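# With the sequence up front, the predicted model follows.
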Amino acid sequence: MKVYDAQSIRNVALVGHSGSGKTQLVSTLLFDAGAVNRLGRVDEGTTVTDYDDEEIARKHTLSAALAYAEWNKHKINFIDTPGMANFLSDARAALRVADAALVVVDAVAGVEVSTEKIWEVATELGVPRLVALNRLDRERASLDRSLESLHAVFGRTVVPVQLPIGEEKNFKGVIDLVTMKAWTFADGKAAEGAIPADLQSAADTARESLIEMVAEADDALMEKFFDAGTLTQEELIEGLKRGVAAARIFPLFCVSAAANIGAQPILDAILTYVPSPIDRPLKARAGTGEDVEIATSESGPAAAFVWKTVADPFAGRITMFRVLSGTIKADSTLHNVTRDTPERLGHIVLLQGKTQTNVPEVRAGDIGAVAKLKETQTSDVIADKGAPVNVPPIKFPEPVISYAIEPKSRGDEEKISTALHRLQEEDPTINYSRDAQTKELLLAGQGQSHIEVTVAKLKRRFGVEVMLKLPRIPYRETIKSAVEAHGRHKKQTGGHGQFGDCKVRFEPLPPGSDFEFANDIFGGSIPRQFVPAI
């Protein structure tokens with residue numbers, strides 16, 4: 001595998017609601033770029049990025065996965081992310097290291113809940129976005145309805161740069177509004193042609209809307225637009241590039257990943273409109289505590305940010321990182337800036353799903369992985385000794401639901417803690433602890449499905465079977481009002497016998513106070529030696 005420099009790299013995270021077709025789109029893009037020789041399908045469990053047994057069984061992405069493709073002498077790193085609400089934390093982490101997001105929207109359902117959530121995260125991080133309107137070959141798919149949904153939620157800055165040729169089962173190609181050419185697709189192969197006569201008027205109107213939006217996003221272009229009434233081809237392309245990079249324009253592309261229609265223009269658009277790592281330096285924190293930007297340069301000191309960790313039962317801990325500056329080389333020693341400890345790097349690999357390819361080095365702007373680091377975890381920075389740089393950690397949500405777990409066999413009791421610790425390194429949104437009052441081991445996560453997936457990983461990866469139960473609630477009782485109790489003891493067995501009479505008064509104290517005992521006996525009516533027992 002060739003080692004690419006930063007100018008020739010594009011890092012793209014595919015995000016969106018669950019079921020919108022992100023994984024299938026990655027699979028199609030990889031196939032069209034020649035990165036794989038078979039078009040993998042989600043329904044068949046043959047995609048590159050959904051390789052985990054649990055993902056194949058559920059037909060949903062549960063964890064972010066890496067893949068890469070070479071297209072027109074550039075390297076594109078794809079990060080396929082989950083869309084289910086319980087697993088969105090991986091999408092947030094991916095956006096921290098991506099230079100753009102490809103927001104996949106279902107052409108039937110339009111904007112959904114997770115689409116809105118992940119769009120907010122991208123806005124907060126200032127990540128450029130392209131929109132892929134997927135599944136246009138499905139029944140009830142519609143560009144117009146989808147655009148209404150997108151404009152209602154995200155505003156009119158979501159603007160089509162393509163129009164579909166046909167809809168639903170008749171969807172067969174796209175009209176490129178920038179070049180004003182038509183592309184039709186058959187068996188995954190693209191054919192360029194003239195715009196169909198019945199769509200020419202719609203294409204002219206849509207192109208005018210595109211030009212207006214590009215002009216609005218740039219003051220200099222706005223003046224030229226007012227003077228000339230339009231923009232030249234060069235001004236349109238450059239204005240679109242700047243608008244996308246500044247997250248002011250969000251171009252929309254038409255595609256059907258399952259039918260392999262419209263995927264190749266998306267590859268071209270990623271190279272054209274997505275900024276390279278050089279054009280988009282990542283935010284970091286200097287030794288003084290000030291927020292700074294790290295220029296992506298191969299000549300600077302080596303530094304990399306760890307954005308994800310995978311707990312592999314065979315390879316150990318697999319650490320995924322993005323190189324911030326310099327070059328990370330195999331068999332070298334770096335310093336963990338976050339934990340102030342040295343780390344020895346072994347083989348450096350590029351990940352194509354679960355397939356690893358050894359490379360001698362990974363340069364600034366690229367994404368790679370390394371196995372068996374001892375101390376490094378997610379959100380850590382590894383760098384040359386003395387490099388004064390740190391990166392704000394990824395913010396992970398707190399757990400919202402807990403279940404009690406217990407092993408099915410006694411021999412697994414000791415293995416549970418070790419296995420859960422490994423899984424927590426991979427997924428910081430889970431937590432486990434032992435309740436001091438009920439003595440139960442509690443597993444906490446983002447929802448019931450999140451807990452079930454974690455339990456399935458325990459069994460499959462570490463051979464630990466556990467049972468889930470609702471946690472016991474340690475109820476407490478307290479005194480609400482003042483009461484008095486009266487007790488009397490009589491025992492007559494001959495002789496003097498026994499007799500005792502005692503009154504006790506209970507009163508509540510302020511919440512959080514400890515117990516308080518007061519001896520109000522007067523006149524010595526109860527001998528002193530009996531008071532401790534009372």
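Everything's here; your move.
# From now on I want contacts and neighbour counts done on CA atoms only, so please keep to that.
Will do.
# Could you break this protein into its assigned domains?
6-273, 282-390, 401-469, 483-530 (automatic domain parsing).
# could you dump those to JSON lines with mean pLDDT?
Output for these, formatted as JSON lines (pLDDT from 0 to 100):
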{"stretch": "domain 6-273", "mean pLDDT": "94"}
{"stretch": "domain 282-390", "mean pLDDT": "89"}
{"stretch": "domain 401-469", "mean pLDDT": "91"}
{"stretch": "domain 483-530", "mean pLDDT": "83"}
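# Now render those domains as TSV, adding mean neighbour count and distance to residue 475.
Below are the domains of the chain laid out as TSV (neighbours: other C-alpha atoms under 10 Å; distance: least, C-alpha to C-alpha, whole Å):
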stretch	mean neighbour count	distance to residue 475
domain 6-273	20	29
domain 282-390	20	37
domain 401-469	17	10
domain 483-530	9	16
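# what would the ones you listed look like in a markdown table with distance to residue 476?
Formatted as a markdown table, the domains of the chain follow (distance: least, C-alpha to C-alpha, whole Å):
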| stretch | distance to residue 476 |
| --- | --- |
| domain 6-273 | 32 |
| domain 282-390 | 39 |
| domain 401-469 | 11 |
| domain 483-530 | 13 |
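# Nearest to residue 477 among those would be which one?
Residue 477 lies closest to domain 483-530 among these, at 11.7 Å (C-alpha to C-alpha).
# Could you work out the end-to-end span of the closest one for me?
One end of domain 483-530 to the other measures 22 Å (C-alpha to C-alpha, to the nearest Å).
# next one: it to chain centre, how far?
64 Å (C-alpha atoms, centre = their mean, to the nearest Å).
# try stretch 329-342
25 Å.
# Compute the first-to-last residue distance for that stretch.
Termini of stretch 329-342 sit 15 Å apart (C-alpha to C-alpha).
# So what would you say the end-to-end distance of stretch 67-81 is?
Start-to-end, stretch 67-81 (C-alpha to C-alpha) is 11 Å.
# Which residues outside that stretch are in contact with it?
4, 8-15, 22-23, 26, 30, 33-35, 48-49, 61-66, 88, 90-91, 94, 267, 271, 351-353, 366-367 (C-alpha atoms under 8 Å, 6 or more residues apart in numbering).
# how close does the nearest residue to residue 256 once chain neighbours are set aside get to residue 471?
Once flanking residues are discounted, residue 256 sits nearest to residue 135: 4.6 Å by C-alpha to C-alpha, 6 or more residues apart in numbering. Counting by C-alpha to C-alpha, the gap from residue 135 to residue 471 is 43 Å.
# Could you do residue 437 as well?
Counting by C-alpha to C-alpha, the gap from residue 437 to residue 471 is 12 Å.
# Residue 54 touches residue 453, doesn't it?
Yes. With contact defined as C-alpha atoms under 8 Å, residue 54 reaches residue 453; the gap is 7.3 Å.
# Residue 486 - nearest residue in space that isn't next to it in sequence?
Residue 486's closest residue in space is residue 503 (C-alpha to C-alpha, 6+ apart), at 4.5 Å.
# does that neighbour count as helix, strand or coil?
strand (DSSP: H, G, I helix; E, B strand; the rest coil).
# Who are the contact partners of it?
484, 485, 486, 487.
# Which ones among these lie within strands?
484, 485, 486, 487 (DSSP state E).
# The second one contacts residue 507, correct?
This points to residue 485. No. Assessed by C-alpha under 8 Å, residue 485 is found out of contact with residue 507, at 11.5 Å.
# Could you give the backbone dihedrals for residue 115?
phi -60, psi -50 (degrees, to the nearest 10).
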